[in-house]
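Peer 1: Just a sequence and a predicted model for now, questions to come.
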Amino acid sequence: MGYARFAVWYLRLVAFVNFLSAVWVSPGQDVRRHNQEDLFTPYLLTAGFASGVFTAFLAITMRRRKRAAWLLNLGLSGAFLALLAFAMVFPEIRRHPQNWMSLGLTAAFVGTLVLGRREFYAKGDRANPKLAAAVGAGGLLVSSLLAALLVDVTNQRHSTFAACWRYGTLRLVSIADFRSPGIATPNWVDVTVNGLSTVLLLAVLYAAFRSRRAVDPLTDDDEKRLRELLDRHGERDSLGYFALRREKSVVWSPSGKAAVAYRVVGGVSLASGDPLGDPEAWPGAIEPWLAEARAHGWIPAVMGAGEEAGTVYARHGLDALELGDEALVEVAEFTLEGRAMRTVRQAYNRVRRAGYAVRIRRHEEIPAAEMATLVQRADDWRDGATERGFSMALGRLGDARDGRCVMLECTDARGESRALLSFVPWGPHGLSLDLMRRDRDSDNGLVEFMVIDLLRRAHEIGITQVSLNFAMFRSVFERGGRLGAGPVLRLWRSLLSFFSRWWQIESLYRANAKYRPIWEPRFLLFEKSADLPRIGLASARAEGFLELPGLHRTHWGKQG
């Protein structure tokens with residue numbers, strides 16, 4: 001990867017100098033002077049914010065091994081090298097040492113591209129050229145009209161709108177500093193128009209170099225095979241059933257004994273949970289998943305992997321970061337007795353005395369008309385317009401193929417439905433919480449009442465273990481409140497408690513701790529630390545937490 005690394009660092013350095021020259025007068029004047037008369041600068045070294053943005057964007061795309069970026073750089077740098085080599089024929093050009101240095105650096109960059117051509121393998125979307133052309137044409141029309149309107153409003157001389165449009169368009173597409181005899185605008189107008197040109201350039205570049213976004217969703221055959229793996233190995237991972245979420249794609253091992261389910265979001269190939277199937281066959285599914293991600297320039301990441309799967313992923317070059325813990329309750333060990341459960345027991349009895357009752361059924365036992373009513377109630381009680389969840393949510397309710405899922409319906413003293421919980425199968429004797437909804441006008445404590453009732457009556461449906469919510473950063477809250485906790489841990493706990501005012505971070509941990517569960521750690525797997533911000537954004541989008549215009553509360557897909 002040496003050639004690609006050199007090319008990326010060259011572009012990064014040039015982008016830095018371009019930005020520096022744009023804000024610092026002295027270096028900027030030096031760069032501009034070297035681009036005039038008989039002096040040349042190396043490839044892409046031009047003072048200015050727009051040139052810095054362009055070069056930085058190329059550096060990012062080259063770092064992601066984009067084949068299209070390699071072709072563009074090779075074409076531009078090759079043409080510039082040919083021009084510079086031709087100019088060196090003239091004595092007045094040849095006599096400047098700076099020109100020889102520029103020739104050498106540009107030649108080195110071109111040579112690096114040629115020698116490292118196989119290191120740039122990431123494919124873009126086939127629709128990118130057409131999309132970039134459409135964005136460029138449409139964006140130029142809109143931005144030129146905006147520029148013309150701005151020039152017309154601020155013009156201190158008399159001129160036609162057509163002249164203002166011509167001036168604004170030339171300002172958008174030209175890097176030259178020019179004046180029009182009929183146009184006199186404040187300097188901030190020219191800066192604003194140049195800013196529009198930079199935005200337009202970024203939009204075109206993004207359209208031209210974007211990764212392939214659409215992948216093949218689960219087919220009926222994929223779903224059938226995944227269900228067969230769940231029948232054989234489903235008890236290994238409480239999140240396994242969520243691999244059947246239908247906007248996910250799947251990569252199979254050559255033997256078909258293992259699979260990785262994932263979704264591409266914002267250029268990130270986001271897998272969730274452990275690979276499905278036989279652990280001995282996991283590497284056979286992980287390797288083609290990573291190969292596909294690299295072939296398309298996607299960033300590979302795994303949300304919510306268990307410790308065993310995290311170890312296997314780590315052997316394939318991924319680093320691990322503990323995200324938090326999943327609350328698992330062993331039914332045989334759960335009890336409401338004892339002083340430690342006094343508060344929980346009192347709350348449970350209070351709700352029961354108020355006349356609430358819980359009905360527990362498999363989805364396949366619910367008549368179609370009644371299921372449709374429950375689905376409608378779940379939609380009505382949803383907090384917000386967006387369905388939350390990805391790694392720990394199925395994303396659907398009432399599908400005929402999910403008959404083994406379990407529905408808990410809580411009714412009040414009048415027999416009216418006031419809350420719903422839905423669980424997906426976790427092997428033959430386990431359940432994993434999928435959906436959690438309640439009427440906002442109902443009494444507090446209904447969800448806790450329903451969970452406790454399920455744990456007490458689990459033998460009715462042959463259940464021995466239940467997976468509840470995921471608690472992010474649980475260990476921070478637990479260890480940060482202990483005697484002797486260090487200043488860094490206490491500061492981290494205080495910061496998370498502050499953000500818990502808007503997002504259910506600490507409250508979710510407290511809500512699950514009352515059941516005295518077994519806490520199983522879950523990990524985020526990634527290749528490079530520099531990719532973590534982008535992975536975070538992609539996972540927030542996938543889970544439904546990040547939406548325009550803002551952020552909403554989060555609890556990893558267990559919707560309430």
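Peer 2: Ah, there it is.
Peer 1: Strands of the stretch 201-350 of the chain, residue ranges please.
Peer 2: In the stretch 201-350 of the chain, the strands defined using DSSP state E, counting those that start in this stretch lie at 249-252, 258-265, 268-272, 276-277, 299-305, 319-330.
Peer 1: The ones you listed: which one's closest to Gly116?
Peer 2: When the strands of the stretch 201-350 of the chain are compared by Cβ to Cβ, strand 299-305 sits nearest Gly116, at 20.7 Å. Heads up, the C-betas are built off the backbone N, CA and C, glycines and all.
Peer 1: So, low pLDDT: which residues of the stretch 101-250 of the chain?
Peer 2: By pLDDT under 70, the low-scoring segments of the stretch 101-250 of the chain are 174-179, 213-215.
Peer 1: And the helices in it?
Peer 2: Counting by DSSP state H, counting those that start in this stretch, the stretch 101-250 of the chain has helices at residues 128-154, 161-173, 187-209, 220-233.
Peer 1: from the strands of the stretch 201-350 of the chain, which stretch is densest packed?
Peer 2: Each of these was scored by mean neighbour count; the highest is strand 276-277, a mean of 30, by mean count of other Cβ atoms under 10 Å.
Peer 1: Next, Ser417: phi, psi?
Peer 2: The phi/psi pair for Ser417 (degrees, to the nearest 10) reads phi -70, psi 130.
Peer 1: Give me the secondary structure label for Ala413.
Peer 2: Secondary structure state of Ala413, per DSSP: H, G, I helix; E, B strand; the rest coil, is coil.
Peer 1: What is the neighbour count of the spatially closest residue to it that is not a sequence neighbour?
Peer 2: Among residues not flanking Ala413 along the chain, Gly355 sits closest, at 2.7 Å (Cβ to Cβ, 6 or more residues apart in numbering). Number of residues near Gly355 (other Cβ atoms under 10 Å) recorded here: 12.
Peer 1: same deal with Ala243?
Peer 2: Neighbours around Ala243, by other Cβ under 10 Å: 29.
Peer 1: just checking, it touches Ala261?
Peer 2: Yes: with contact defined as Cβ atoms under 8 Å, Ala243 and Ala261 form a contacting pair (3.8 Å).
Peer 1: okay, and the common contacts of those two?
Peer 2: Residues touching both Ala243 and Ala261 (Cβ atoms under 8 Å, 6 or more residues apart in numbering): 226, 250, 272-273, 276.
Peer 1: would you list the strands of the stretch 201-350 of the chain in a markdown table and tack on distance to Leu170?
Peer 2: Shown next, in a markdown table, are the strands of the stretch 201-350 of the chain (distance: least, Cβ to Cβ, whole Å):
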| stretch | distance to Leu170 |
| --- | --- |
| strand 249-252 | 46 |
| strand 258-265 | 40 |
| strand 268-272 | 40 |
| strand 276-277 | 58 |
| strand 299-305 | 39 |
| strand 319-330 | 50 |
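Peer 1: Arg12: which of these is closest?
Peer 2: Relative to Arg12, the nearest member of these by Cβ to Cβ is strand 299-305, separated by 18.5 Å.
Peer 1: now for that closest one, which elements pack on it?
Peer 2: Other helices and strands packing on strand 299-305, by 3 or more Cβ pairs under 8 Å, 6 or more residues apart in numbering; DSSP states H and E, are strand 268-272, helix 282-296, helix 307-315, strand 319-330, strand 518-526, helix 532-543.
Peer 1: Please identify the deepest-packed of these.
Peer 2: Using mean count of other Cβ under 10 Å, the stretch among those with the largest mean neighbour count is strand 268-272, at a mean of 27.
Peer 1: Any chance of a markdown table for the helices and strands packed on strand 299-305, columns distance to Pro367 and mean pLDDT?
Peer 2: Listed next are the helices and strands packed on strand 299-305 as a markdown table, based on distance: least, Cβ to Cβ, whole Å; pLDDT from 0 to 100:
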| stretch | distance to Pro367 | mean pLDDT |
| --- | --- | --- |
| strand 268-272 | 32 | 92 |
| helix 282-296 | 39 | 93 |
| helix 307-315 | 39 | 95 |
| strand 319-330 | 30 | 89 |
| strand 518-526 | 36 | 91 |
| helix 532-543 | 32 | 86 |
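Peer 1: what would these look like in JSON lines with distance to Val447?
Peer 2: Below are the helices and strands packed on strand 299-305 laid out as JSON lines (distance: least, Cβ to Cβ, whole Å):
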{"stretch": "strand 268-272", "distance to Val447": "24"}
{"stretch": "helix 282-296", "distance to Val447": "35"}
{"stretch": "helix 307-315", "distance to Val447": "28"}
{"stretch": "strand 319-330", "distance to Val447": "13"}
{"stretch": "strand 518-526", "distance to Val447": "19"}
{"stretch": "helix 532-543", "distance to Val447": "20"}
